[in-house]
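**Student:** show me the folded form of this:
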Amino acid sequence: MTSLFMRLGAAAIALTLNFGPAQAQQLIAEYYTLLTGADLRNSRGVPIGDFCGIVQQDRANHHRFGIRHDGDQWDPIFADRAARAQIASTCQLAAGSEYIPSMIAQYGTRYVWVRVYGSGGWPTLVLVSEGAG
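**Tutor:** All right, here's what the predicted structure looks like:
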């Protein structure tokens, strides 16, 4: 009976080591970008009310429309339209950066640092923090 518990315990440890969070998600890209008035409206000119939508529009402007600002960096993920569409559902503000949307609403611009985590080159978390400092 003890042998059975030892084997089950070893199997549980092996599964944890093989499928733990560290292997499931890793940093696949990071970039700095300046969110500006051009990013606050979608490609039809309609104002974007959601912060993650602004981040997504910034990448569409950068990759699809060629609208780039000083300080905008290239990223290897969001040239792909399907990957860019993931921003809306995977975007989060990093702890301590919760003020960024209100700063954009007030001043219309903010420099941010974006880290993209994922698996197999596919984004599963887009983490946005203050870019200056």
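**Student:** which residues in the protein form helices?
**Tutor:** 2-19, 21-24, 51-63, 81-85, 87-90, 100-107 (DSSP state H).
**Student:** who does the third one touch, helix- and strand-wise?
**Tutor:** Pointing back at helix 51-63 there. With contacts defined as 3 or more CB pairs under 8 Å, 6 or more residues apart in numbering; DSSP states H and E, helix 51-63 has these neighbours: strand 26-35, helix 81-85, helix 87-90, strand 91-93, helix 100-107, strand 122-130. C-betas here are computed from N, CA, C, even on glycine.
**Student:** could you redo the last one with a cut-off of 7 Å?
**Tutor:** Under the contact definition 3 or more CB pairs under 7 Å, 6 or more residues apart in numbering; DSSP states H and E, helix 51-63 sits against strand 26-35, helix 81-85, helix 87-90.
**Student:** enumerate the positions of the last one that are buried.
**Tutor:** For helix 87-90, the buried set under the neighbour-count rule, 16 or more other CB atoms under 10 Å, comprises 87, 90.
**Student:** other SSEs contacting that helix?
**Tutor:** For helix 87-90, the helices and strands in contact under the criterion 3+ CB pairs under 7 Å, 6+ apart are helix 51-63, strand 122-130.
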